[in-house]
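K.L.:
quick one: sequence plus predicted model below, questions after.
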Amino acid sequence: MICPPADDFVNLLNDPDGGLKSSLSALYGKRGKFFLCIGSTRTSDIAGISAAGITAEARRLTPCTDAEALIAGRALTADSIPISPAGVASPVVITRACLGLIDLAVEVIDCGAFTPPAVQFRRVGSQVASCLTSGQALKLDEVVALFEAGKSAGAEAAELYDYIVLGECVPAGTTTAMGVLTALGWNVQGMLSSSLPLAEQDSRHALVRSGLSKAGISRDLIDEQPLHAVAAVGDPMQPFVAGMAYSACARVPVILGGGSQMLAVYALFKALIGSSCAGERQMRYAPMVATTKWVAFDPNARTRQLSKNLSAPYAAACPDFNQSRHSGLRAYEQFNVKEGAGAGASMAVAHFAGGFSESQIMSAIDRCYEELVGHNGAILF
């Protein structure tokens, strides 16, 4: 019989209400569901901005192939699962392994990706975001529709499950996260992580400033309707996930699976609570943000401080990938890739909801790496 965990595999980085550990421990044995919410932005075409694919064309396929790998155990639309410029395999390896351990229900949501996956999915949006430098990333009515679709999906999931986990795959999503956080009035200079080992903080801020300058939206307008921030410089995943959290947290715990990107979604969620445009709601549970140690302790970012500024419950799974038998996984310890597809949250859920130990989780990840990489031929490492 597997017992509830009692060790420090998951680090509680910010616990504003003092209930994060008990909330996570309460997941033990409960029935949950994982949603992989995919989306695309032409911001990912900019060279050097994302590790979610070696080329711009590959980054356009990453949401599709991550979804296929998660569901089917292999890429179907491309020759391999997504690979970083350093040759490191996508963190979907981690997510598939951990969700398989606890046999969690999984659904793919297409919020607006370049290419739909060749597996079963739910489409809620069809518009890829324009580059945020345009200041018109998405039409406001599309953003509102995504938010409303999220509210409906969140309410539906909360009727059927005891908790939900919301993961994402949006290449260049840390840059659109920076855009939305900045538009909402947060100073995030030097705070956000990146899928690259070294985050290009100054260049990303320059892109955001250019987009917001062209958007020409006032603080009063954003305060009145926070979704204007997404329309100007965001991506299609953000309003949908914020909508799911907005409705679901009235009934069940919600885990936002990601680092910088989900802190931006949390900030959007919080702004929508304070506005009058999102409709009536009740909040029984505050959404939790769960990521990996490679985001939380990224030497080139300060996401823990950002979580404190936002008063966001924030936790990080802390595996030791140096114990892996695969050099492609050990490369994560050099801050390659770091997070994606809900990897950190999936480890936390396998630990707390399933009661699995770090060594059991690491063994499952090693096996899944062999499954996914072996299916698609040799990749670096």
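P.N.:
Cool, the structure landed. Numbers count the residues shown, from 1 in each chain.
K.L.:
per-residue pLDDT, the nearest residue to residue 295 once chain neighbours are set aside?
P.N.:
With sequence-adjacent residues excluded and distances taken as Cβ to Cβ, 6 or more residues apart in numbering, residue 295 is closest to residue 259, at 3.3 Å. Using the backbone N, CA and C atoms, a C-beta is placed for each residue, glycine as well. As summarised for this prediction, residue 259 has a pLDDT of 92.
K.L.:
start at 358 instead
P.N.:
Happy to do that; since the first residue is 358 now, the last one works out to residue 616.
K.L.:
mind listing the strands for this structure?
P.N.:
Taking DSSP state E as the test, the strands found in the chain are 367-371, 389-396, 462-469, 479-480, 520-526, 611-614, 645-649, 671-674.
K.L.:
for the ones you listed, give me TSV that also has distance to residue 550 and mean neighbour count.
P.N.:
Output for the strands of the chain, formatted as TSV (distance: least, Cβ to Cβ, whole Å; neighbours: other Cβ atoms under 10 Å):
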stretch	distance to residue 550	mean neighbour count
strand 367-371	13	19
strand 389-396	19	26
strand 462-469	22	23
strand 479-480	29	13
strand 520-526	14	30
strand 611-614	15	30
strand 645-649	8	30
strand 671-674	11	27
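K.L.:
how many neighbours does residue 706 have?
P.N.:
Other residues near residue 706 come to 30 when the count uses other Cβ atoms under 10 Å.
K.L.:
thought it was touching residue 521?
P.N.:
No: contact criterion Cβ atoms under 8 Å: residue 706 and residue 521 do not qualify, at 10.3 Å.
K.L.:
run through who's touching the helix ranked longest in the chain.
P.N.:
Longest helix of the chain, by residue count under DSSP state H: helix 497-517. Under the criterion Cβ atoms under 8 Å, 6 or more residues apart in numbering, residues 390, 392, 466, 468-469, 479, 481-482, 484, 521, 584-585, 587-588, 591, 593, 596-609, 611, 629, 635-636 lie in contact with helix 497-517.
K.L.:
what angle do it and strand 389-396 make?
P.N.:
Calculated by axes from the mean of the first three to the mean of the last three Cα atoms, to 10 degrees, helix 497-517 forms an angle of 170 degrees with strand 389-396.
K.L.:
return the set of buried residues in helix 497-517.
P.N.:
499-508, 510-512, 514-515 (16 or more other Cβ atoms under 10 Å).
K.L.:
what's the closest of those to residue 576?
P.N.:
Ranked by distance to residue 576 (Cβ to Cβ), the buried residues of helix 497-517 are led by residue 500 at 18.1 Å.
K.L.:
so who does residue 425 touch?
P.N.:
431-434, 474-476.
K.L.:
hmm, I typed the wrong one, I wanted residue 704.
P.N.:
Applying Cβ under 8 Å, 6+ apart, the residues near residue 704 are 366-367, 451, 455, 649, 674, 676, 718.
K.L.:
repeat that for 6 Å
P.N.:
455, 674, 718 (Cβ atoms under 6 Å, 6 or more residues apart in numbering).
K.L.:
and which of those residues is nearest to residue 537?
P.N.:
So of the contacts of residue 704, ranked by how close each gets to residue 537 (Cβ to Cβ), first place is residue 674, at 24.6 Å.
K.L.:
with residue 717 as the reference, measure out to the closest residue to that closest one other than its chain neighbours.
P.N.:
Leaving aside its chain neighbours, residue 674 sits nearest to residue 704 (3.7 Å; criterion: Cβ to Cβ, 6+ apart). The gap separating residue 704 from residue 717 is 11 Å, by Cβ to Cβ, to the nearest Å.
K.L.:
with that, I have no additional questions.
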